[in-house]
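> return a 3D structure for these sequence lines:
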Amino acid sequence: MKTYPLQSLTINEAVQLQYQLVDTIQNEFKGTELLNGGDYGLDPDLKQPRFTHKVEQVLADFFDVEQALLVRGAGTGALRSFFNANLKVNESVLVHAAPIYPTTKVTLDSMGLAIIKFDFNQLQSTADIKLLPDKDFAAILVQHSRQRIDDHYDFNKVIKILKTKYPAIPIITDDNYAALKVKKIGVQAGADLSTFSLFKLQGPAGIGLLLGKNKYLTAVKKINYSGGSQVQGPEAMAALRAMVTAPVILAVQAKSVAEVNERLNQGEISAVESSFIANAQSKVVIMKFKQAIAKEFLAKVNQYGGVPYPVGSESCYEIGAMFYRISGTFREQDPAAENYLVRINPMRAGADTILKIIKKTLANL
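Numbers count the residues shown, from 1 in each chain. Prediction:
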């Protein structure tokens, strides 16, 4: 099966990204502050915890944007905050012609937003701008990771073409499963805003990040003004500390993905017909069995060390290789595929461990 996974950073590139983030941190923080756990409550001048403000300054500088805003509710909360603060009920949003990520769909449906779909795979060059609909949208949402197995659009080109066609319309990108894994996220490619979960970057559960233009983020701050809505200083510091090593961890994970895929396709396990790499939504190996045994395999793999379900999909709690059904958006596209396909995310595991678990599980089916 032909797939078009995102291009991961090499380990050397990830190391340089780590160094860049630490340099940015040490430009903002005093040395003793880096040994501080962070503060609680609303600083009278900042109207937020002082350390949360400092972390947001670091992230704005690191991603080279006007403003960064930590929010509750992880990546879903970041998207929801933008839509709630900047759009009105019944306005329209342009999205890719694919199944919408379920938690995002809840937000769009709850606001009564009209969904206009267009196949971003058609946007290969600026000449394709004529294919886009001549309509006004309140916003455009672009998901960085793949939504369909056959998605092949160039994320950077799509944003450039959309911005050329609709210069006044905010483009917001869902950069979950891409941030700190690839060279550019949405705002670095020309989008107005980027969102992602810091839980997926080894940080505390429930913390999300909004990056981008002041006029949109200021509106979000207005609806998150209370102390209970604020991300507190210790949470912000924990998220920042986790982000430092995340690029390297994720680059090593991508290396394991490549090795597992290569060994499966070389025929190391006879029950496996083939495998391929896909962003579904994280970058994973999709293993295809020769027979329809995927569900039986998944029911048994836990006994031999395979993690059977996600916590936050690449959170700090997930160290063992995960063996899981294919994603909901992929199942919606091809319901029968779940009988043959298994999604493998190495997390912190190496290829030898993953192949060993597969062999043990198959031997005991």
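> what segments of the stretch 1-150 of the chain are helices?
Ranges of helices within the stretch 1-150 of the chain are 11-28, 50-63, 74-86, 102-110, based on DSSP state H, counting those that start in this stretch.
> ranking those by burial, who's on top?
Per residue and on average, the most neighbours among the helices of the stretch 1-150 of the chain fall to helix 74-86, with a mean of 23 (mean count of other Cβ atoms under 10 Å). Backbone N, C-alpha and C define where each C-beta goes, glycine included.
> Leu198 contacts Ile207, correct?
Yes. Using Cβ atoms under 8 Å as the test, Leu198 is close enough to Ile207 to be in contact (4.5 Å).
> shared neighbours of those two, which are they?
Shared contacts of Leu198 and Ile207, defined by Cβ atoms under 8 Å, 6 or more residues apart in numbering, comprise 70, 74, 239.
> ok, the residues you listed vs Lys295, which is closest?
Ala74 (29.0 Å; Cβ to Cβ).
> show me what contacts the closest one?
Ala74 makes contacts with 197-200, 205-208, 312, as judged by Cβ under 8 Å, 6+ apart.
> which one's more surrounded, Leu198 and Ile207?
Leu198 (31 against 25; other Cβ atoms under 10 Å).
> got a list of what that one touches?
Taking Cβ under 8 Å, 6+ apart as the contact definition, Leu198 lies against 70, 74, 204, 207-209, 239, 242-243.
> if we use 6 Å, what do you get?
Applying Cβ atoms under 6 Å, 6 or more residues apart in numbering to Leu198 gives the contacts 207, 209, 239.
> got phi/psi on the last one?
Looking back up the chat, that one is Ala239. In terms of degrees, to the nearest 10, the main-chain angles of Ala239 are phi -60, psi -40.
> distance of it from Thr164?
Separation of Ala239 from Thr164 (Cβ to Cβ, to the nearest Å) stands at 35 Å.
> of these two, who's got more company?
Ala239 (23 against 12).
> what pLDDT does the model give the closest residue in space to the more buried one that isn't next to it in sequence?
Among residues not flanking Ala239 along the chain, Gly203 sits closest, at 3.7 Å (Cβ to Cβ, 6 or more residues apart in numbering). On pLDDT, Gly203 comes in at 96.
> same thing with Phe330?
Model confidence at Phe330 (pLDDT) stands at 68.
> kindly report the same for the one 5 residues further on.
Note for Pro335: predicted pLDDT of 80.
> I figured Val142 was touching Asp175, is that so?
No. Judged on Cβ atoms under 6 Å, Val142 makes no contact with Asp175 at a distance of 9.4 Å.
> that concludes my questions; thank you for your assistance.
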